[in-house]
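Colleague: build me a model from this:
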Amino acid sequence: MEYFENTQSNIEVLAKETLISPGFYTTNIRKFSNIDTLSFQEAFNTAVANLTSDYTKDKYIRDERFNQSWDHIQGEARELIIKLLEMYCAAEYSGFILYKELSYQLKETNIILSDGFSLMSRDEARHASFLNKALLDFYIKPGLDFLNKEHRKYIFLPFSWFIYSTYLSERISSCYYITIFEHLESHPEHSIYPLFSFYKSWSEDENRHGDFFGTIIKSQIQLSNGLRARLVCKFFLLLIFSMTYFKYKSNDKLLALLGLDAREYYISTIKKVNNSIRKDLPIVLDVEESRFFKKLDICLLHISENERINISNQNMLLKLICKIPHYFNIFLVISRLFMMKSINTREKKLSKV
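Modeller: Coordinates of the predicted model:
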């Protein structure tokens, strides 16, 4: 616990330490080491040069807008902002540690990738530091025990899983941030805390990270060309987009605080992501098809029913039996979505496949 001065009332306030729990991931480092960067040297050089330029470096400066007390934000609004700061702080620290370790492990075997991950680690550390300071505005001190390596538990992801999921995470984050930034720029009355005005720079950082991973994907024939690549890509796009969309009900209050409709926000974000990834992936989903989000809404109804069953007073076995039909229906809907035509980005004239 530490004391912080409340600048408005000139009193000392006891800061509450909160637990930040990032996820820790690893993958097959040997496959990373064997990536042939020479055949795509120009593309990798461009991606690393864009990271090296660091043109958002001077954008993360806390200006005079932060020089006040935020005690006027109380109740649910305060809880929602703190929840947001904690969630993104954990995510940024996760990225910082992930990219730092990848850079270290590839230093002797693939210097271009090592340099790229080192630069991305720099960005994630800057974001996490900025969020740390934001949490202190609300008298919250993040617990950083996870910075000690012995406290971490790693999840291993197969190489293709790791590449696709990390790539899409960066692209989705970029679109998350720019969508909120553009909305609040048009509706400043909803910008209740100055952090959101930095989201444009945040989006640009995440977009450059996505460009770096996009170059990795294009350098790997098993990820960028052929039937197998298209099927694997389609699976991950459907998986990640579905999981992203399913979040909207749990974040509706926070987005309403910013003047956004949660469902429309997530649909807009997914469409932006789908458009931004055309240059990197062999296929994209046809999210403009009217049935796409309607089918995901059907899945949400079954998910809600399972959540209702979970909080019922039934025994565990009966709960499981009651949930099976809903799981089966979710599987059917997702299978039908997978069978819908996707858009082949490798043809000069985009076609549905």
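
Colleague: distance check, residue 110 against residue 312.
Modeller: Counting by CB to CB, to the nearest Å, the separation of residue 110 from residue 312 is 53 Å. Placement of C-beta: from N, CA and C, glycine included.

Colleague: which one of those two is surrounded by more residues?
Modeller: Counting neighbours by other CB atoms under 10 Å for residue 110 and for residue 312 shows that residue 110 has the greater number, 20 against 10.

Colleague: contacting residues around the closest residue to the more buried one other than its chain neighbours?
Modeller: Counting by CB to CB, 6 or more residues apart in numbering, residue 33 is the residue found nearest to residue 110 once chain neighbours are left out, at 5.2 Å. With contacts defined as CB atoms under 8 Å, 6 or more residues apart in numbering, residue 33 is in contact with 106, 109-110.

Colleague: ok, now residue 169?
Modeller: Going by CB under 8 Å, 6+ apart, residue 169 touches residue 240.

Colleague: could you check how far it is from residue 299?
Modeller: In terms of CB to CB, residue 169 sits 21 Å off from residue 299.

Colleague: what's the answer for residue 197, then?
Modeller: Relative to residue 299, residue 197 is positioned 35 Å away (CB to CB).

Colleague: more neighbours: which of those two?
Modeller: residue 299 (20 against 16).

Colleague: OK, contacts around that one?
Modeller: Taking CB under 8 Å, 6+ apart, we find residue 299 in contact with 242, 246, 330, 333-334.

Colleague: farthest-apart pair in the residues you listed, please.
Modeller: The span of the contacts of residue 299, defined through CB to CB, is set by 246 and 333 at 12.1 Å.

Colleague: what about these two, which has more around it?
Modeller: residue 333 (19 against 14).

Colleague: please, which helix or strand holds the more buried one?
Modeller: Using DSSP states H and E, residue 333 maps to helix 316-339.

Colleague: list the buried residues in that helix.
Modeller: Neighbour counts using 16 or more other CB atoms under 10 Å place 322-323, 326, 330, 333-334, 337 of helix 316-339 among the buried residues.

Colleague: same question, stretch 340-348
Modeller: Quick answer for stretch 340-348 (16+ other CB under 10 Å): 342-343, 345.

Colleague: those into JSON lines, with extra columns for distance to residue 217?
Modeller: Shown next, in JSON lines, are these (distance: CB to CB, whole Å):
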{"residue": "342", "distance to residue 217": "16"}
{"residue": "343", "distance to residue 217": "17"}
{"residue": "345", "distance to residue 217": "12"}
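
Colleague: just give me the closest of those residues to residue 174.
Modeller: Distances from residue 174 to the buried residues of stretch 340-348, taken as CB to CB, are shortest for residue 345 (18.5 Å).

Colleague: and the closest residue to that closest one other than its chain neighbours, how far from residue 346?
Modeller: Among residues not flanking residue 345 along the chain, residue 278 sits closest, at 4.8 Å (CB to CB, 6+ apart). Note on residue 278: its distance to residue 346, by CB to CB, is 10 Å.

Colleague: where is the longest helix in this structure?
Modeller: Using DSSP state H, we find that the single longest helix of the chain is helix 75-105.

Colleague: and it, what other elements does it pack with?
Modeller: Packed against helix 75-105 by the contact rule (3 or more CB pairs under 8 Å, 6 or more residues apart in numbering; DSSP states H and E) you find strand 24-26, helix 29-33, helix 111-137, strand 140-143, helix 252-257.

Colleague: residues of that helix that come out buried?
Modeller: Those would be 80-82, 84-86, 88-103, 105, for helix 75-105 by 16+ other CB under 10 Å.

Colleague: and if you look at stretch 128-139?
Modeller: Applying a neighbour-count criterion of 16+ other CB under 10 Å, one finds 128, 130-132, 134-135, 137-139 buried in stretch 128-139.

Colleague: now flag whichever of the residues you listed is closest to residue 148.
Modeller: Of all the buried residues of stretch 128-139, residue 148 sits closest to residue 128, with 15.8 Å by CB to CB.

Colleague: which residue packs closest to residue 23, ignoring adjacent ones?
Modeller: For residue 23, the spatially nearest residue (CB to CB, 6+ apart) is residue 94, at 5.1 Å.

Colleague: quick one: contacts for that neighbour?
Modeller: 22-25.

Colleague: can you add pLDDT, distance to residue 284 and neighbour count and give those residues back as JSON lines?
Modeller: Listed next are the contacts of residue 94 as JSON lines, based on pLDDT from 0 to 100; distance: CB to CB, whole Å; neighbours: other CB atoms under 10 Å:
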{"residue": "22", "pLDDT": "81", "distance to residue 284": "29", "neighbour count": "20"}
{"residue": "23", "pLDDT": "84", "distance to residue 284": "26", "neighbour count": "15"}
{"residue": "24", "pLDDT": "89", "distance to residue 284": "30", "neighbour count": "17"}
{"residue": "25", "pLDDT": "90", "distance to residue 284": "25", "neighbour count": "19"}
